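In: what follows is a predicted structure for the sequence shown.
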Amino acid sequence: MIEIAAIEAAAARIEPHVSRTPLFRSDPLSDRHGAEIYIKAEHMQLTGSFKVRGSANKVHALTEDDARRGVVTASSGNHGIGVATAAASRGIAATIFLPSNASPAKVDQIRRLGAEIVSVDGTDSSLAEAAARAHVAQTGLAYISPYNDVDVAAGQGTIGKEILEDLDGVDAVVVSVGGGGLMSGIASWVKATSPSTLVIGASALNDRAMAASVEAGEIITPHFEPTFSDGTAGGLEDDSLTFPICAELVDRWVDITEHDIASAVTTMVDDHHQLVEGAAGVAIAAATQHAATAPGSTIVAVSCGANVSAGALRRMLDAADA
């Protein structure tokens, strides 16, 4: 478990650098699914994603000597944006390793923030992580893991803190899971402060490394298929600190099909005129599925980001209609 004190310290450290995002009741989803469904709108975060929370916490916790030399990370996109933003706010250099299939919209945003980009052949973000780790081993620069870091996970845990401060009587919190940094932070706060609240991990059926690893009882690399949820795609590092936390604290795992991801993204456009990316659609779809088994309950879906290209959005809209 990420210590509560670490999450509280993160909340104070990142306050000048992030937004406290809205938590709103989705009247259309609530009415359709017979539950009180709320959206934690991290898609309205400054960078369009929750990732800036963990990035800012790690970057602003670095010593002056470490920060002065610059930072390195690997990302499928959103974490890279978060690190580039945090580095710019501290006036330091950042190098971002990205898989070759990273969203062009996310790549452009990273470039505009002034970070150096290194493209790695392959579509699995774990390959970019390995390349970034090798670069760090050669240079001695500080590495900002997208998930496998206590400071990063503590920064993401501030979302759980905000949810339970803003809403009483939460029966379930639903979080999309990739490497598990977001889930580890949120679940640590929720289980420490509201143990009866269910924590539900949602995965894209096509790319479910954490869920498959929890099922296996060890970190494995399952077969991957392309997914609209690029923000959660890829495997886990062998020593990932998030694995035992997710195995211990997540009460239930849900797999979401590509059609259901696309439908959830389309629903947010139709119901709320708000743009979200595929990873957010995973959590929203899982929340509505849970509502069917828990009518009348209060459910919070963490809508984790909105950094989606026009092309990806078009494909999701088409898939939802298919």
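Out: That came in fine, so what should we check first?
In: which residues does residue 305 bridge with?
Out: Judged by DSSP bridges, the bridge partners of residue 305 are residue 49.
In: per-domain residue ranges of the chain.
Out: For the chain, automatic domain parsing gives the domain ranges 4-50+149-321, 51-143.
In: between those domains, which gets the lowest average pLDDT?
Out: When the domains of the chain are compared by mean pLDDT, domain 51-143 comes last with a mean of 92.
In: determine how far it lies from the middle of the whole chain.
Out: Offset of domain 51-143 from its chain centre (C-alpha atoms, centre = their mean, to the nearest Å): 15 Å.
In: check stretch 17-36 too.
Out: Taking the mean of its C-alpha atoms, stretch 17-36 sits 18 Å from the chain's own mean (C-alpha atoms, centre = their mean).
In: that older thread, as a markdown table, the domains of the chain with mean neighbour count would be great.
Out: (C-beta placed from N, C-alpha, C; glycine too.) Formatted as a markdown table, the domains of the chain follow (neighbours: other C-beta atoms under 10 Å):
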| stretch | mean neighbour count |
| --- | --- |
| domain 4-50+149-321 | 21 |
| domain 51-143 | 21 |
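In: okay, how far is it across stretch 58-71, tip to tip?
Out: 10 Å (C-alpha to C-alpha, to the nearest Å).
In: residue numbering should commence at 122 henceforth.
Out: Done: numbering now begins at 122, and the last item shifts to stretch 179-192.
In: which residues of the stretch 322-443 of the chain fall in strands?
Out: Secondary structure of the stretch 322-443 of the chain (DSSP state E, counting those that start in this stretch): strands at 373-377, 419-424.
In: what strands line up against the last one, and which way round?
Out: Pointing back at strand 419-424 there. Here strand 419-424 has these sheet partners by DSSP bridges: strand 157-162 (parallel), strand 293-297 (parallel).
In: can I get stretch 420-429 in PDB, CA atoms only?
Out: Output of stretch 420-429 as PDB, limited to C-alpha atoms (Å, rounded to 0.1, in the frame of the first residue of the first chain):
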ATOM      1  CA  ILE A 420     -20.300   4.500  -8.300                       C
ATOM      2  CA  VAL A 421     -17.400   6.700  -9.300                       C
ATOM      3  CA  ALA A 422     -15.700   6.200 -12.600                       C
ATOM      4  CA  VAL A 423     -12.300   7.800 -13.000                       C
ATOM      5  CA  SER A 424     -12.300   9.300 -16.500                       C
ATOM      6  CA  CYS A 425      -8.500   9.400 -16.900                       C
ATOM      7  CA  GLY A 426      -7.900  11.400 -20.000                       C
ATOM      8  CA  ALA A 427      -9.000  13.200 -23.100                       C
ATOM      9  CA  ASN A 428      -5.900  13.100 -25.300                       C
ATOM     10  CA  VAL A 429      -7.300  11.400 -28.400                       C
END
